[in-house]
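**Student:** Return atomic coordinates for the entry below.
(one chain, ligands or ions: 1)
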Amino acid sequence: TGYTTLDQGFVNTASTKSEITYIDGDQGILRYRGYSIEDVAKNSTYLETAWLLIYGELPSASELEEFEEKIRRHTLLHEDLKRFFDALPHNAHPMSVLSSAVSALSTYYQDSLDVHDPEQVEISTIRLLAKLPTIAAYAHKKSLGQAFLYPDNSLSFVENFLKMNFGNMAEPYEVNPVLATALERLLILHEDHEQNASTSTVRLVGSTEANLFASVSAGINALYGPLHGGANEAVLTMLEQIKESGEGVEKFVQRVKNKEDGIRLMGFGHRVYKNFDPRARLVKESAHEVLAALGIKDELLDIAMELEAVALADDYFIERKLYPNVDFYTGVIYKAMGFPTRMFTVLFAIGRLPGWIAQWRESNSDPKTKIGRPQQLYIGEPQRDWPTER
Ligand code: CMC
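**Tutor:** As a prediction, the model looks like this:
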């Protein structure tokens, strides 16, 4: 139109229309396809919610059964892809392993490169949903130096995932139903969150007509950063540092307020939520339930609760409308489940996958989609003459 406005960080600019997720940040409302996050988390499963996000409606019993069966059929990884993990160092961050392996899926499923073929889009959807948990569990096992466990399709999606992570070749594994229920709920809470950084990345890459695996791999890398999904890992590291340093919560909060070394209260604040994050409330409930059910007394949970109380009573946080976000209490639960800190963001990625897929497909099937191409305001040197002597 002849003029360009600057909106650094896209604070005001909508990049797309969407029918998938609704957020009212002032009132702390989050809805998937019109259903409140509280109802979805209480009544649904990870895969049923995935269906809802991707196809727009709740599935019938037979549609859900068929969907689950299709996913079970694709949980195995190609044996060559299994060997791909051998080439990576055992101390690699599992998020890097995850994005690399997802990117490599395009090398095995080359038909998926045709983003205009609805059948290919469908099969890529199933493959990704089925294989990401297997890839994630392999990344975990690799870091432990343990043998990979093949998926067990007699189990539910979440139970199988727990077994692949915590089972071993020598002993039978019994799934703890408390963990399975809690993990299912946490995954549901992460499934979509409209145009956050990783989802916008998936849509932007998808707008170039890159395939679903390539786009989701880019989304995983966007999620990796500590200001986004990496915050759940950063929260636990922060809580552990507070515990070990013995400096106390008040002192730590003071250092945050002084912006000492640019430190932030990780797991606090959100670009959209300015009242409370409805997911954080549900996660906090789960944290208490899981620790009580497992009979674990974790000092880190006490520190987290004290931090929350101190921050919520402090003008610095009140004025800036900073509240606990979804990442604040998840780490305490993942730790109680036995996941190492470095796996936390991987769990976020599995949770977010259905949202990425739904958003990619919405963009891909919209004839109005254009390649994403932001403008800039140039502030560099004006035209200069090339120096005759140097
Ligand atoms: N601790 C201390 N101060 C903060 C925090 C925090 N966590 N978050 C924002 N502020 C301050 C910030 O310093 C600024 O203050 P001032 O006006 O004095 O400079 C003011 O609040 C506004 O901050 P902003 O960076 O302009 O806000 P934003 O909307 O760009 O950032 C955010 C949102 C989530 C990146 C930020 O709140 C943050 O860095 N939080 C910590 C990381 C985190 O928990 N991320 C997870 C987000 S939720 C799930 C997800 O997306 O993965």
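**Student:** Test for you: state the pLDDT assigned to whichever residue of the chain sits closest to the ligand.
**Tutor:** Here the residue of the chain nearest the ligand is G269; by C-beta to the nearest ligand atom that distance is 2.3 Å. Where C-beta positions appear, they are placed from N, C-alpha and C, glycine not excepted. Per-residue pLDDT puts G269 at 95.
**Student:** For the stretch 201-350 of the chain, which residues are neighbours of the ligand?
**Tutor:** Contact residues, the stretch 201-350 of the chain versus the ligand (C-beta under 6 Å from any ligand atom): 227-229, 231, 256, 264-271, 320, 322, 325-327.
**Student:** In helices, which of the residues you listed appear?
**Tutor:** 231, 256, 327 (DSSP state H).
**Student:** what separates the second one from E57, distance-wise?
**Tutor:** According to C-beta to C-beta, to the nearest Å, V256 stands 44 Å off from E57.
**Student:** from the residues of the stretch 201-350 of the chain next to the ligand, which would you call buried?
**Tutor:** Buried members of these, scored by 16 or more other C-beta atoms under 10 Å, are 228-229, 231, 256, 265-270, 322, 325-327.
**Student:** Identify the farthest-apart pair in these.
**Tutor:** The largest separation in these, counting by C-beta to C-beta, is between G229 and V256 at 20.9 Å.
**Student:** Okay, domains of the protein per the record?
**Tutor:** Using automatic domain parsing, the domains assigned to the chain come out as 21-225+342-364, 231-337.
**Student:** Quote the end-to-end distance of the first one.
**Tutor:** Meaning domain 21-225+342-364. Its start and end residues considered, domain 21-225+342-364 measures 17 Å (C-alpha to C-alpha, to the nearest Å).
**Student:** Contact partners for the residue of the chain closest to the ligand?
**Tutor:** With contact set as C-beta atoms under 8 Å, 6 or more residues apart in numbering, G269 has these partners: 320, 322-323, 325.
**Student:** could you redo the last one with a cut-off of 10 Å?
**Tutor:** Neighbouring residues of G269 by C-beta atoms under 10 Å, 6 or more residues apart in numbering: 227, 231, 277, 317, 320-325.
**Student:** do the same with V249
**Tutor:** Taking C-beta under 10 Å, 6+ apart as the definition, contacts of V249 comprise 239, 242, 302-311.
**Student:** V283 too?
**Tutor:** 41, 182, 185-186, 189-190, 232, 267, 277, 324-333.
**Student:** Where does the prediction get shaky in this structure?
**Tutor:** 1-2 (pLDDT under 70).
**Student:** interface residues of the stretch 1-150 of the chain facing the ligand?
**Tutor:** Residues of the stretch 1-150 of the chain lying near the ligand (C-beta under 6 Å from any ligand atom): G9.
**Student:** Do you have the strands of the stretch 1-150 of the chain handy? List them.
**Tutor:** With DSSP state E, counting those that start in this stretch as the criterion, the stretch 1-150 of the chain has strands at 21-24, 29-32, 35-36.
**Student:** And the second one, what's buried?
**Tutor:** Under the neighbour-count criterion of 16+ other C-beta under 10 Å, strand 29-32 has 30-32 buried.
**Student:** Which strands or helices does it pack on?
**Tutor:** If contacts are counted by 3 or more C-beta pairs under 10 Å, 6 or more residues apart in numbering; DSSP states H and E, strand 29-32 sits against strand 21-24, helix 37-43, helix 46-55, helix 278-294, helix 344-364.
**Student:** Using JSON lines, lay out the domains of the chain together with distance to W386.
**Tutor:** Shown next, in JSON lines, are these (distance: least, C-beta to C-beta, whole Å):
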{"stretch": "domain 21-225+342-364", "distance to W386": "35"}
{"stretch": "domain 231-337", "distance to W386": "40"}
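**Student:** Dump the contacts of G269 to JSON lines, plus distance to E381.
**Tutor:** Shown next, in JSON lines, are the contacts of G269 (distance: C-beta to C-beta, whole Å):
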{"residue": "L227", "distance to E381": "31"}
{"residue": "A231", "distance to E381": "38"}
{"residue": "D277", "distance to E381": "44"}
{"residue": "F317", "distance to E381": "42"}
{"residue": "R320", "distance to E381": "37"}
{"residue": "K321", "distance to E381": "40"}
{"residue": "L322", "distance to E381": "39"}
{"residue": "Y323", "distance to E381": "44"}
{"residue": "P324", "distance to E381": "45"}
{"residue": "N325", "distance to E381": "41"}
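**Student:** out of the residues you listed, who's nearest K82?
**Tutor:** Nearest to K82 among the contacts of G269, with distances taken as C-beta to C-beta, is A231, at 31.0 Å.
**Student:** who's in contact with the closest one?
**Tutor:** Here A231 is in contact with 225, 238, 264, 266-269, 325-328, 330-331, 344-345, 348 (C-beta under 10 Å, 6+ apart).
**Student:** How many neighbouring residues does Y109 have?
**Tutor:** The number of residues packed near Y109 is 18, by other C-beta atoms under 10 Å.
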